[in-house]
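Participant: Provided below for reference: sequence and predicted model.
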2 protein chains.
Amino acid sequence: MKAEIISVGTELLLGEITDTNASYLAGQLPLLGIDLYWISQVGDNQTRLVEVLKRAWQRSDLILITGGLGPTEDDLTREAIAEMLGEELRIDPVSEQRIRERFAQRGIEMAPSNIKQAAVIPSAKAIHNARGTAPGWWVEKDGHIVMAMPGPPGEMHHMWHTEVLPRLHQRATGAIIFSKTLKVFGLPEGTVGELVSPLLSSANPTLGVYAKADGIHLRFTAKAQSQKQAEEMVARGEARVRSILGESIWGTDNDTLASVVGHVLAEKGLSLAVMEYCTGGLLTATITDAPDVSVYFRGGLIPYSNEALIAYGVDAKLIYDYGAISTEMAQAMAEVGRLRLEADIGVSITGVIGPDELEGKPAGTMYIGIDSNESKKTIKGNYSGDRFRVKRLVTVAALFELRKMLLALD
Amino acid sequence: MKAEIISVGTELLLGEITDTNASYLAGQLPLLGIDLYWISQVGDNQTRLVEVLKRAWQRSDLILITGGLGPTEDDLTREAIAEMLGEELRIDPVSEQRIRERFAQRGIEMAPSNIKQAAVIPSAKAIHNARGTAPGWWVEKDGHIVMAMPGPPGEMHHMWHTEVLPRLHQRATGAIIFSKTLKVFGLPEGTVGELVSPLLSSANPTLGVYAKADGIHLRFTAKAQSQKQAEEMVARGEARVRSILGESIWGTDNDTLASVVGHVLAEKGLSLAVMEYCTGGLLTATITDAPDVSVYFRGGLIPYSNEALIAYGVDAKLIYDYGAISTEMAQAMAEVGRLRLEADIGVSITGVIGPDELEGKPAGTMYIGIDSNESKKTIKGNYSGDRFRVKRLVTVAALFELRKMLLALD
């Protein structure tokens, strides 16, 4: 089955929003073994929309449309599909009733234009929208399927999962596509690429190398007649990559560094405290984004001045002797945070976020401290880029170092 | 001038990345008065790429391409343009030299395939890529312009600004399009839409209403013969919206709530401290994302257990009397944070992040506290959605309430 995605909305052409609907749907189709060859964005203009639809009808079996189903004059997806197929629009009484009920429930008076959303054509079945007023359209004609879904991502995702995916599952008969991502930190993209280069030429499974915010991702994608077969092909590739990259691989698929660290902490029954200076709360916020964090996380201390460092319990003499940006300070912060919050492990970050140098150290100089009863460690690094990038990179590095230290504990 | 954007790469069709290049370029074209009618994504397949290019050549004056300029066999943008125009590829010696130098500087041996990146056709001029190895292509022929840029966003943005924008500025002669965004918090999207409804039917300037992470954005877009004229049209619309929405408007364009709050604090010479429980550092991290934050921000305290609350100086009796999720606790946290860090103003958040209820209060119950020498305030709210959404919403609300309180100070 050959698929095509069409995203409708002038706001896409004005650059006001990025088309995440297309990438979302594109990511879903491989799971059904459906090949996607074309994606396009078109504005709220019936002539151009019909032109795009006619071309899609010629070259694709499945056309997925998002957007243009709302109640205003700008919303033209229904009109364009009707024109392409030469069919007449009429009001579907079930949809009309549902739209009226939705407004009544909310106690809002319904503008008459909303009835437009209940329109269908003979080939179209209205699809219930549990998250909004505009129903979707499932059209089957001459061996083609056209599915029109609402543009707001929350409404679209819900309709996709509850209404569209089950219908497509029944029809999709081709090969299964299975993907798995391995996540790597501490090696540059080029080095990772060279190390795994023997696997890059494989046609099935394919291996892609991507630079991401939390390091390098290696993505295997296998195509096979069954899920089991595809998973086995990926497993063989994964074993080879693991033998090459070893402990640089910190997680897979939906793992985050924070969830991986949290898992190890919970498993070992250890608790964690943070004191971070220049990252301003990003490490603490990242840690607390993991699930069940209250099991192991005690809290964070974020000084944003030397006075605050002292108020949190860091010895003032340290600041005068070594400065706030130093190995000694990183170690002291990790220890003070740990003792202060009665945690087993303390982790700290201090450094120069920039743009100017501080204490004679250039922007991007960063110190990570890790402290436990048994061991102490500091890591110095130099990061380049704007402050958002530097904050993000050193936060990722701190979590990676923390994970390494935790795994080394027995 | 009619423009079209083509993004090249199989990873776009697999949903592995979202096409932010297209939305970036789409957002740039209105500033040049260039109309964009079509965007499409196509995979690394020469036949399909040539097909898309031929159609674009028929209907558009300016074709902007990103991706497919790398050194591997998959990178086919140069080959496809050459095929569409019926021209031969040859190696450009200046580009070859630059690519060789780039590798030499980095001390990396160059794979022979990289020479492919120095190829041009007679109609194409190689465009220097200051951020990577692959040069761009500027093609002019028969009244059409084709500009091919590298896919990595950092390389593309830099080439766009330094090489493409100046060239297009010389040619673009049409009307100027000017946009301005007003940012609103505290009113639902529907209410904002109703309040400004008289302006929504205006054809020029247009007014769009968008729900965003930090509230509702109202975007004016005016088309005029001069920048001045367009700005005046937007200013008239803005004055009307301001008279309707008043102090619900907290900023414009690139303002963030954190930058707006920071600006008021710096102007009034006041300092700020944070104590946040359930948001786990998000408020502190959001505040420290603003520029020059060290001028007014003292620091953050993030307890993630009752023990940590007490360690930070909150009276243990309060927890037993009222619980950690209470108006009294929010007030105490704001005050303790302020006194502890010797700040003028303290702000706090405590609440139930979920999924389970806590202290008999349902998930999404949130208390914000604000404390200064002169005034004390707590705000209770109930938020729905997953934890990421609840954390984000209450953080935005805390900053909005803080701004309101600061503006009320004389």
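Facilitator: Looks like it arrived, so ask away.

Participant: Spell out which residues of the stretch 151-300 of chain A are next to chain B.
Facilitator: By C-beta under 8 Å from any C-beta of the partner chain, the part of the stretch 151-300 of chain A that sits against chain B consists of A:190, A:208, A:210, A:219, A:221, A:274, A:279-289, A:293-294, A:297-300. Placement of C-beta: from N, CA and C, glycine included.

Participant: Would you mind giving the domain segments of chain A?
Facilitator: Using automatic domain parsing, the domains assigned to chain A come out as A:2-171, A:176-252, A:257-408.

Participant: Of these, flag the one that's most buried.
Facilitator: The highest average neighbour count among these, using mean count of other C-beta atoms under 10 Å in any protein chain shown, belongs to domain A:257-408 at a mean of 21.

Participant: And the pLDDT at the residue nearest to residue A:271 when sequence neighbours are not counted?
Facilitator: Closest residue in space to residue A:271, ignoring its immediate chain neighbours: residue A:343 at 4.4 Å, by C-beta to C-beta, 6 or more residues apart in numbering or on different chains. Listed pLDDT for residue A:343 reads 96.

Participant: before we move on, what about residue A:174?
Facilitator: At residue A:174, the model reports a pLDDT of 65.

Participant: which residues sit in contact with the residue nearest to residue A:271?
Facilitator: A:271-273, A:298, A:337 (C-beta atoms under 8 Å, 6 or more residues apart in numbering or on different chains).

Participant: and those as a markdown table, adding secondary structure?
Facilitator: What follows is the contacts of residue A:343, written out as a markdown table (DSSP: H, G, I helix; E, B strand; the rest coil):
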| residue | secondary structure |
| --- | --- |
| A:271 | coil |
| A:272 | strand |
| A:273 | strand |
| A:298 | strand |
| A:337 | helix |
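
Participant: now, among those residues, which is nearest to residue A:264?
Facilitator: Taking C-beta to C-beta as the measure, residue A:264 lies nearest residue A:272 of the contacts of residue A:343, at 10.3 Å.

Participant: ok, now which ones touch that closest one?
Facilitator: Residues near residue A:272 by C-beta under 8 Å, 6+ apart: A:261, A:265, A:287, A:296-298, A:343-347, A:402.

Participant: One more pass at 6 Å, please.
Facilitator: A:265, A:296-297, A:343, A:345 (C-beta atoms under 6 Å, 6 or more residues apart in numbering or on different chains).

Participant: Just the ones of those residues in helices?
Facilitator: Residues of the contacts of residue A:272 located in helices (DSSP state H): residue A:265.

Participant: closest to chain B among the contacts of residue A:272?
Facilitator: The nearest member of the contacts of residue A:272 to chain B, counting by C-beta to the nearest C-beta, is residue A:297 at 4.8 Å.

Participant: Is it correct that residue A:72 falls within a strand?
Facilitator: No. Counting by three-state DSSP, residue A:72 is not part of a strand but coil.

Participant: Out of the residues of the stretch 151-300 of chain A next to chain B, list just those in helices.
Facilitator: Using DSSP H, the members of those that fall within helices are A:190, A:282-287.

Participant: distance of the most centrally placed residue in chain A from residue A:181?
Facilitator: Closest to where the C-alpha atoms of chain A average out (C-alpha atoms, centre = their mean) is residue A:254, at 8.8 Å. Distance from residue A:254 to residue A:181, counting by C-beta to C-beta, to the nearest Å: 9 Å.

Participant: Could I get the contacts of residue A:343 in JSON lines, plus columns for pLDDT and distance to residue B:86?
Facilitator: Shown next, in JSON lines, are these (pLDDT from 0 to 100; distance: C-beta to C-beta, whole Å):
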{"residue": "A:271", "pLDDT": "97", "distance to residue B:86": "69"}
{"residue": "A:272", "pLDDT": "98", "distance to residue B:86": "64"}
{"residue": "A:273", "pLDDT": "97", "distance to residue B:86": "68"}
{"residue": "A:298", "pLDDT": "96", "distance to residue B:86": "69"}
{"residue": "A:337", "pLDDT": "96", "distance to residue B:86": "68"}
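
Participant: any chance of these in JSON lines, with distance to residue A:319 too?
Facilitator: Below are the contacts of residue A:343 laid out as JSON lines (distance: C-beta to C-beta, whole Å):
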{"residue": "A:271", "distance to residue A:319": "27"}
{"residue": "A:272", "distance to residue A:319": "25"}
{"residue": "A:273", "distance to residue A:319": "20"}
{"residue": "A:298", "distance to residue A:319": "24"}
{"residue": "A:337", "distance to residue A:319": "16"}
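
Participant: now, among those residues, which is nearest to chain B?
Facilitator: Relative to chain B, the closest of those is residue A:298; by C-beta to the nearest C-beta it sits at 5.5 Å.

Participant: okay, and for chain A, where does confidence drop off?
Facilitator: In the predicted model of chain A, residues A:172-174 satisfy pLDDT under 70.

Participant: make it 80
Facilitator: Within chain A, the ranges that satisfy pLDDT under 80 run A:31, A:33, A:72-73, A:105-113, A:170-177, A:188-190, A:209-213, A:385, A:410.

Participant: if we look at the lengthiest helix in it, which residues are touching it?
Facilitator: The residue-count maximum for a helix in chain A (DSSP H) belongs to helix A:387-408. Here helix A:387-408 makes contact (C-beta under 6 Å, 6+ apart) with A:185, A:214, A:257, A:261, A:264, A:279, A:282-283, A:286, A:347, A:349, A:353-354, A:364, A:366, A:368, A:370, A:379, A:383.

Participant: In helices, which of those residues fall?
Facilitator: Short answer: the contacts of helix A:387-408 in helices (DSSP H) are A:257, A:261, A:264, A:282-283, A:286.

Participant: Which pair of the ones in helices among the residues of the stretch 151-300 of chain A next to chain B spans the longest distance?
Facilitator: The distance between the two most remote of those (C-beta to C-beta) is 32.6 Å, for A:190 and A:284.

Participant: Since that was my last question, I'll sign off now.
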